[in-house]
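Visitor: Sequence first, predicted coordinates after that:
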Amino acid sequence: MNDTLDALLRLVAVLVVFLVLPLLVGQTEHKVMAHMQGRLGPMYAGGFHGWAQLVADGVKFAQKEDVVPADADRRVFQLAPAVALLPYLVVLIAIPVGPHGFVGEAVDAGLFFVLAVMGVGVLGSLMAGWASANKFSLLGALRSAAQLMAYELPMLLAAASVAMAAGTLSLPGIVGQYHWWWTLWQLMGGLVFFTAGLAELQRPPFDMPVADSEIIFGAYTEYTGMRFALFLLSEYAGIVVLCGLTTVLFLGGWHGPWAGSVGWLWTLLKTAVLAFVVIWLRVSYPRLREDQLMKFAWTVLIPVSLAQIALTGVVKVVTS
Amino acid sequence: MNVVHHNAAGSGFLSPTGVEITFVLVGLVVLGAALVTVTTRQLVHAALWLVVALGGIAVEYLLLTAEFIAWVQVLIYVGSVVVLLLFGLMLTKAPIGRSPDADSENRWVALGVALAAAGTLVWVVADAFRSTWIDVHPANGPGATAVTGSSLFRFWVLPFEALSVLLLAALVGAIVLSRRRPEGRDR
């Protein structure tokens, strides 16, 4: 029974992290964007610097009417937000936070598990876009699918390079093998992974699927209330997952001074810095065009990630 | 191969374990989803039921402790093939609701082919293994990633490479077929 209790506690912990961290990222985004653009942002709710704005937003979303368009495919339309959100919750289980089994569940082929399940999330946008019976939604869904197809490959190749370097697919195993010079050795792969991840999350500068000035809000145009909030939440959960994964694969996870006792803090810190970069990019980069994005993926990211794999192989053979 | 075979001493079909019951139940779900996939008149629903069927197969792999294969199944089939399918369906404006022209009226032929294929597969598998009992251990069993990898690249490397060449040929072929020829030079 002790094992069951242990597993249950871990799952509850993962759930709590899943409910808290994305909201923190969302709140940080409010504040960072406001400061970078020299404006105040929401300042009144809750008193100190508008800390309760996110709570107020949540209440607002919960109160709104949940509208399903008359011509929409009801069941698919209603199911889509769950399909978009749940994969990120599942992925979070496998991301190691600290040494000595500080992980929801150590999965043997963890790297594969994470990438496979993350890819399922896009089905949510596709379902939403098609079931809305709206041309803008459909265009948004098409763009999401095309984008995912283009970015899955460089992301996988970059991750494969790390797996080659570590000689294992298990995420705690990869962090365990890490040495400081890995970050330099895998630098190209890391950049490719992070960029491809941004594109997969449809974050700026790769947010054509939800480009508000072109297609309103892409696949999510027809959504209101809680279901819309779930899509937003899945975006922030995606940021947490992507930054956590980049930390684990390329920045050494819990490695740092006093890793034995405060390793988990290092993981969180590195993830937070990456999340800040994600927000920073949103504020500072203009949106790419869809064809520019495709060209970038196929002519820059894939060759670079292949070069990274070659480099990893050469170094691995020479040093072993 | 380091698979442990021994006769079913102490384990039989009459006293199923929880895993075996789950296996059968998930199998029924997969079968049902597959049936809906080929019988529904709503194109996109067919693709989504296909997701259920393929995901269910991944769960079956997991129950057999072939973890690596299970995630590959999710990554390739659910994550890529179905997304590509849906992409194609959306490009051709699959309608919401029934598509009356989705029936190619080959129902009985298709049923015959499906039954023949299923029969052959079941017969081959049943004939190959008969009553051998394969122990599947969660760690270091035949399904573990390291074991799968080393058997793939030690014993099966030639078929693996041959398949890669085949896929490469298909890729080149697709590019050649889809490339637009310059005007006036059809041949």
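Guide: It's in. Numbers count the residues shown, from 1 in each chain, chains lettered A, B, ... in the order given.
Visitor: What about the nearest residue to A:A84 once chain neighbours are set aside, how many residues nearby?
Guide: Nearest non-adjacent residue to A:A84, counting by CB to CB, 6 or more residues apart in numbering or on different chains: A:G124, 2.6 Å away. C-beta here means a position set from N, CA and C on the backbone, and glycine is covered the same way. Residues near A:G124, counting by other CB atoms under 10 Å in any protein chain shown, number 25.
Visitor: Provide the backbone phi and psi angles at A:G124.
Guide: phi -60, psi -50 (degrees, to the nearest 10).
Visitor: Quick check: pLDDT value at it.
Guide: On pLDDT, A:G124 comes in at 85.
Visitor: Flag every residue of chain B that's near chain A.
Guide: B:44-45, B:48, B:51, B:67-68, B:71-72, B:74-75, B:78-80, B:82-84, B:86-87, B:89-91, B:94, B:96-97, B:139, B:144-146 (CB under 8 Å from any CB of the partner chain).
Visitor: if you look at these, which of them are in helices?
Guide: B:44-45, B:48, B:51, B:67-68, B:71-72, B:82-84, B:86-87, B:89-91, B:145-146 (DSSP state H).
Visitor: Name the helix or strand for the residue minimising distance to the centre of chain B, please.
Guide: Most central in chain B under CA atoms, centre = their mean is B:L54, positioned 6.4 Å from the mean C-alpha point. Assigned by DSSP states H and E, B:L54 falls within helix B:43-63.
Visitor: And that helix, what does it pack against?
Guide: helix A:74-92, helix A:110-131, helix B:18-39, helix B:67-73, helix B:82-91 (3 or more CB pairs under 8 Å, 6 or more residues apart in numbering or on different chains; DSSP states H and E).
Visitor: which residues does A:G190 contact?
Guide: Residues in contact with A:G190 (CB atoms under 8 Å, 6 or more residues apart in numbering or on different chains) are A:158, A:183, A:246, A:249-251.
Visitor: Could you list the buried residues of stretch A:16-23?
Guide: A:17-18, A:21-23 (16 or more other CB atoms under 10 Å in any protein chain shown).
Visitor: For A:A160, give its distance to A:P96.
Guide: Distance, A:A160 to A:P96, using CB to CB, to the nearest Å: 19 Å.
Visitor: and these two? which has more neighbours close in?
Guide: Using other CB under 10 Å as the criterion, A:A160 and A:P96 rank with A:P96 on top: 26 against 19.
Visitor: ok, the more buried one touching A:W254?
Guide: Yes - here A:P96 reaches A:W254: they are 7.5 Å apart, a contact under CB atoms under 8 Å.
Visitor: hey, what's in contact with both of the two?
Guide: Contacts common to A:P96 and A:W254, judged by CB under 8 Å, 6+ apart, are A:102, A:175, A:267.
Visitor: In chain B, what residue lies closest to chain A?
Guide: Proximity of chain B to chain A (CB to the nearest CB) peaks at B:G79, 3.0 Å away.
Visitor: check contacts around that residue.
Guide: B:G79 neighbours (CB under 8 Å, 6+ apart): A:116, A:119-120, A:122, A:152.
Visitor: A:H100: helix or strand, and which one exactly?
Guide: Applying DSSP H and E, one finds A:H100 in no helix or strand.
Visitor: For it, give its distance to chain B.
Guide: Look at A:H100 and chain B: by CB to the nearest CB, to the nearest Å, they are 18 Å apart.
Visitor: With distance to B:S104 added, can I get the helices and strands packed on helix B:43-63 in JSON lines?
Guide: Listed next are these as JSON lines, based on distance: least, CB to CB, whole Å:
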{"stretch": "helix A:74-92", "distance to B:S104": "24"}
{"stretch": "helix A:110-131", "distance to B:S104": "23"}
{"stretch": "helix B:18-39", "distance to B:S104": "11"}
{"stretch": "helix B:67-73", "distance to B:S104": "28"}
{"stretch": "helix B:82-91", "distance to B:S104": "16"}
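Visitor: deepest of those, which one?
Guide: helix A:110-131 (a mean of 26; mean count of other CB atoms under 10 Å in any protein chain shown).
Visitor: so where is the stretch 101-250 of chain A shaky, pLDDT-wise?
Guide: Applying pLDDT under 70 to the stretch 101-250 of chain A flags the ranges A:101, A:104.
Visitor: repeat that with 80
Guide: A:101-109, A:133, A:148-149, A:179-180, A:204, A:208-215, A:218-219, A:225 (pLDDT under 80).
Visitor: Show me the shared contacts of A:P96 and A:W254 that map onto helices.
Guide: Short answer: those in helices (DSSP H) are A:175, A:267.
Visitor: most surrounded residue in the shared contacts of A:P96 and A:W254?
Guide: That'd be A:T267 among the shared contacts of A:P96 and A:W254, by other CB under 10 Å, with 27 neighbours.
Visitor: what's that residue in contact with, if anything?
Guide: A:96-98, A:244, A:247-248, A:253-254.
Visitor: that older thread, residue contacts, the residue nearest to the centre of chain B?
Guide: With CB under 8 Å, 6+ apart, B:L54 has these contacts: B:73-74, B:77-78, B:81-82.
Visitor: show me what contacts the residue of the stretch 151-300 of chain A at minimum distance from chain B?
Guide: For the stretch 151-300 of chain A, the residue closest to chain B is A:L169, as judged by CB to the nearest CB, at 5.2 Å. For A:L169, the contact set (CB under 8 Å, 6+ apart) comprises A:108-112, A:163, B:68, B:145.
Visitor: Likewise for A:P154?
Guide: So A:P154 contacts A:192-193, A:195-196, A:297, A:301-302, A:304-305 (CB under 8 Å, 6+ apart).
Visitor: JSON lines please, covering these and showing distance to B:I175 and neighbour count.
Guide: Output for those, formatted as JSON lines (distance: CB to CB, whole Å; neighbours: other CB atoms under 10 Å in any protein chain shown):
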{"residue": "A:V192", "distance to B:I175": "24", "neighbour count": "28"}
{"residue": "A:F193", "distance to B:I175": "27", "neighbour count": "27"}
{"residue": "A:T195", "distance to B:I175": "25", "neighbour count": "22"}
{"residue": "A:A196", "distance to B:I175": "23", "neighbour count": "28"}
{"residue": "A:A297", "distance to B:I175": "17", "neighbour count": "24"}
{"residue": "A:L301", "distance to B:I175": "19", "neighbour count": "24"}
{"residue": "A:I302", "distance to B:I175": "15", "neighbour count": "19"}
{"residue": "A:V304", "distance to B:I175": "22", "neighbour count": "17"}
{"residue": "A:S305", "distance to B:I175": "21", "neighbour count": "25"}
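Visitor: and those residues, which of them are in strands?
Guide: Residues of the contacts of A:P154 located in strands (DSSP state E): none.
Visitor: Alright, I will stop here.
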